[in-house]
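S.K.: Just need the structure, nothing else, for what follows:
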Amino acid sequence: MANLELRLRTFIPYDKVHFSNTSGGGGSTYYGGDNRSEQWEGSYRTLQRFVIDTSKKDYSVQSFRDTGVTKQLLYLNGKLIKTNEKKAPVTGITYTKRVVNDNLYLDCQLDSTIPFVPYAPAVNYDFTIKVTRAGSVRITGRHDGFPAYEFWRKLDGKSPQLVYLHDPRKTGHTVNALFPPMDITDVNQGLSFDA
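M.R.: Sure thing, here's the model as predicted:
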C-alpha cells in the first residue's frame, strides 16, 4: 500500500513564443512562457494533480486542476511590453476514475486554449494513468507536439520521480503542432514501486 502524489503538467519551455505580427507595422504579439525544463515545482500552462491513498478499497483520490497565468506581450520599437494577463478556464481539464482488477485508472483529458484568443488551437492530451496498490504507475495515450508535457510521481517520504517527458526543443515541434490532430500517439511509460 502507498500514499502518492501525481502531477501531470504542460509548460512552455521558452521564455516567450511568437503568436502574430500586427498589421501596419505595429509590432508583434508574443505570449510569455515558463522558461524552464522538467521539474517537480515551477510554473505551468495546465496542471492536473492527484493525491492517492492506495490502501482504501476503491482507492482514495483527491484531485486538483489549475491553469497558469498567460501573459500577453507586445514587441514594439525594440522593447517587450506586457499588455495583459489572464488565466484560461479550468473547464477543459477533466478526469474520470475507474478501478479494474484492483488497479486504479485515471482517464485524463485536456482541451485548453489561450485565454485571449477563443479560436486559437487548443493544447490537448488524452491520457490514461494506471496506479497499482504498491504505487507503481504507467501513463499511456496521446498529446499535441507542443508545448512540453511532464508526468511525475512522488511516493511518501521519497523524492519526486519523472515518469514521462515530451520537450518540443528536442523533437522540433513548434506552436503549429497545436493544430489537430494530436502529434504524439504512442505514449507508454511506467515506473515501478521500487524504482
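S.K.: list the helices and strands the lowest-mean-pLDDT helix or strand in the chain packs on?
M.R.: Every helix and strand of the chain was ranked by mean pLDDT, DSSP states H and E. The lowest is strand 16-21, at a mean of 83. With contacts defined as 3 or more Cβ pairs under 8 Å, 6 or more residues apart in numbering; DSSP states H and E, strand 16-21 has these neighbours: strand 28-32. Every C-beta, even on glycine, is put in place using the N, C-alpha and C of the backbone.
S.K.: just the angle between the strand it packs on and strand 16-21, please?
M.R.: Calculated by axes from the mean of the first three to the mean of the last three Cα atoms, to 10 degrees, strand 28-32 forms an angle of 150 degrees with strand 16-21.
S.K.: which residue packs closest to I12, ignoring adjacent ones?
M.R.: Once flanking residues are discounted, I12 sits nearest to G33: 3.4 Å by Cβ to Cβ, 6 or more residues apart in numbering.
S.K.: Compute the number of surrounding residues for the one you found.
M.R.: When neighbours are defined as other Cβ atoms under 10 Å, G33 has 20 of them.
S.K.: same thing with P147?
M.R.: By other Cβ under 10 Å, the residues close to P147 number 26.
S.K.: start at 27 instead
M.R.: Noted, 27 is the first residue going forward, which turns the last one into P173.
S.K.: What distance do you get for it to V77?
M.R.: Going from P173 to V77 by Cβ to Cβ, to the nearest Å gives 25 Å.
S.K.: Quick check: the residue nearest to I38 vs S162, distance?
M.R.: For G59 relative to S162 (Cβ to Cβ), the value is 33 Å.
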